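Colleague: give me a model of this one.
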Amino acid sequence: MTIIGGNVLKKTPLNEVHRELGGRMVEFGGWEMPVQYRGVIEEHLAVRGAAGLFDVSHMGEIEIRGPGALEFVQQVTVNNASKLKKGQVQYSAMCYPHGGVVDDLTVYRFDEDHFLLCVNASNTDKVFAWLEEVFEEDGSADLTLRNVSDEYAQFALQGPASETILSRLTDLELGRIPSFHFYEALVAETPVIVSRTGYTGEDGFELYFAPADAEKVWNMLMDAGSEDGLIPAGLGARDTLRLEMGYPLYGHELSRDISPLEAGLGWITRLEEKDFIGRDALLRQKQEGLKQQLIGLTLTEAGVPRAGYAIYSGKIKIGEVTSGTMSPSLRVGIAMALIDPEHGAVGSPLQVQIRNRMAGALVVKPPFFRR
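Modeller: Numbers count the residues shown, from 1 in each chain. I've put the predicted structure just below:
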């Protein structure tokens, strides 16, 4: 048992392996997780140049089955799940009636009436309770909801060498799997859901399998990738990698108080294609104009922007940083920020208050890192 701050933390099946590898363990979303092994920058650059292996078994999985499964998924998510074919994955989000975000997630379609939702670790219980509430209020939906998070471990193999490494452990023709598609196959002699998805901006795979197989799969992957520069990577690198791509993180760029439109996720929010919970509020928001807007910022002066730092246009405070870092790939300060939309035009000069000084910055359109 691990207790931090009075809270009992959950552990992934690889907890002892992370410790043996020298992982620095921290609390994240109610779990004890490795933030780094060799160092965030080294792990980050390994993913950009070769490959990194992440234990993301803390993520939550929720299964929806039954004749009413598609209609239910359509009701609770903003993207159009009816466009999914068997074996496809879709990035989406769930909204409250007022338009704020319950969580962002990926939707897996296994069959006509069988879906799996992968949700953020810290939100798993909240999301499942929300789905149960919607299900019970509807009363007519013919389906079964199950929180199956305990039935899955999950690894993310990410980086340009990922396909080469994984191909050594499976007969699956990985080169024929497009992005946002998945198959069920044997990997490392283990039944695995192989999904060509990730949170890093690199090519890679997310692998779902039984927790009892976690140590075997991890070791076989690490052995298979030893000649290609594969190293274990922690939450620190996962965060800097997603930030370089401008990917949102729940609790920073998304929340109950931030809508998908304000977070720049209008491209997944199908207001004109279907009805869903929160649509009316989002339509009003679109018609009346956004009160806040998520932007990207690149510093033009030395400094590292951090979450919570104030953003100014001249002497007027117009918002604050939601996530920021020194980009390991670009060696410049980058940030995402929620600001007054009036000042959000690409190329606009702004300032970030870093402690007691103002650092110049420019509004840019993410991703910050492009190959």
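Colleague: the bottom helix or strand of this protein by mean pLDDT?
Modeller: strand 2-4 (a mean of 48; mean pLDDT, DSSP states H and E).
Colleague: and the helix or strand following that one, what other elements does it pack with?
Modeller: The helix or strand immediately downstream of strand 2-4 is strand 7-11, counting by DSSP states H and E. Contacts defined by 3 or more CB pairs under 8 Å, 6 or more residues apart in numbering; DSSP states H and E place strand 7-11 against strand 2-4, strand 31-36. Where you see a C-beta, it was placed from the backbone N, CA and C, and this is true even at glycine.
Colleague: average pLDDT for strand 7-11?
Modeller: Mean per-residue pLDDT for strand 7-11: 88.
Colleague: stretch 84-94 too?
Modeller: In this model, stretch 84-94 has a mean pLDDT of 98.
Colleague: could you dump that stretch to CSV, C-alpha only?
Modeller: What follows is stretch 84-94, C-alpha atoms only, in CSV (Å, rounded to 0.1, in the frame of the first residue of the first chain):
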residue,chain,number,x,y,z
LEU,A,84,-17.0,4.5,-37.1
LYS,A,85,-16.7,1.1,-38.8
LYS,A,86,-15.6,-2.0,-36.9
GLY,A,87,-12.0,-1.7,-35.9
GLN,A,88,-11.9,2.1,-36.0
VAL,A,89,-11.1,4.6,-33.2
GLN,A,90,-12.4,8.1,-32.7
TYR,A,91,-11.2,11.0,-30.6
SER,A,92,-14.2,12.6,-28.8
ALA,A,93,-15.4,14.3,-25.6
MET,A,94,-18.4,14.3,-23.3
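Colleague: which residues touch it?
Modeller: Stretch 84-94 is contacted from outside by 76-79, 81, 83, 101-112, 127, 130, 180-183, 195, 197, 254, 260, 265, 268-269, 277, using CB atoms under 8 Å, 6 or more residues apart in numbering.
Colleague: buried among those? Make that a PyMOL selection.
Modeller: Those of those that count as buried under 16 or more other CB atoms under 10 Å are selected in PyMOL with:
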select buried, resi 76+77+78+79+81+101+102+103+104+105+106+107+108+109+110+127+130+180+181+182+183+195+197+254+260+265+269+277
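Colleague: so which of the contacts of stretch 84-94 sit within strands?
Modeller: Among the contacts of stretch 84-94, the members falling in strands (DSSP state E) are 101-111, 182-183, 195.
Colleague: determine which two of the residues you listed are furthest apart.
Modeller: Across the ones in strands among the contacts of stretch 84-94, the two members that end up farthest from each other (CB to CB) are V101 and Y183, 30.0 Å apart.
Colleague: quickly list what G319 is bridged to.
Modeller: I311, I339 (DSSP bridges).
Colleague: could you report the pLDDT at it?
Modeller: For G319, the pLDDT comes out at 98.
Colleague: state the helix or strand in which the residue nearest the centre of the chain lies.
Modeller: Per CA atoms, centre = their mean, the C-alpha nearest to the average position across the chain is that of Y199, at 5.4 Å. Counting by DSSP H and E, no helix or strand carries Y199.
Colleague: distance of the nearest residue to it once chain neighbours are set aside relative to E136?
Modeller: Nearest residue to Y199 in three dimensions, chain neighbours excluded: R242, at 5.1 Å (CB to CB, 6 or more residues apart in numbering). Between R242 and E136 the distance is 34 Å, computed by CB to CB, to the nearest Å.
Colleague: these two: who's more crowded?
Modeller: Neighbour count, other CB atoms under 10 Å: between R242 and E136, R242 has more, with 18 against 9.
Colleague: ok, the more buried one to L290 distance?
Modeller: R242 is 23 Å from L290, by CB to CB.
Colleague: try V217
Modeller: Counting by CB to CB, the gap from V217 to L290 is 44 Å.
Colleague: show me which of those two is the more surrounded one.
Modeller: V217 (23 against 15).
Colleague: now the phi/psi pair for the more buried one, please.
Modeller: Backbone torsions for V217, taken as degrees, to the nearest 10, come to phi -60, psi -40.
Colleague: same question, P191
Modeller: Per degrees, to the nearest 10, the backbone of P191 is at phi -60, psi 120.
Colleague: confidence score at the residue of the chain positioned farthest from its centre?
Modeller: Here the chain reaches farthest from its C-alpha mean at K315, the gap being 34.8 Å by CA atoms, centre = their mean. pLDDT recorded at K315 is 95.
Colleague: and it, how far from Y247?
Modeller: Applying CB to CB, the value for K315 to Y247 is 32 Å.
Colleague: just L230 next, same as before
Modeller: 22 Å.
Colleague: of those two, which one has the most company?
Modeller: Neighbours were tallied for L230 and for Y247 using other CB under 10 Å; the higher tally belongs to L230 (24 against 20).
Colleague: and the pLDDT for the more buried one?
Modeller: pLDDT recorded at L230 is 98.
Colleague: so it sits against G49, correct?
Modeller: No: contact criterion CB atoms under 8 Å: L230 and G49 do not qualify, at 11.1 Å.
Colleague: list the residues that contact both of these two?
Modeller: G159.
Colleague: now the helices: where do they sit in the protein?
Modeller: Secondary structure of the chain by DSSP state H: the helices cover 15-20, 40-49, 69-76, 124-138, 162-167, 214-224, 235-245, 279-288.
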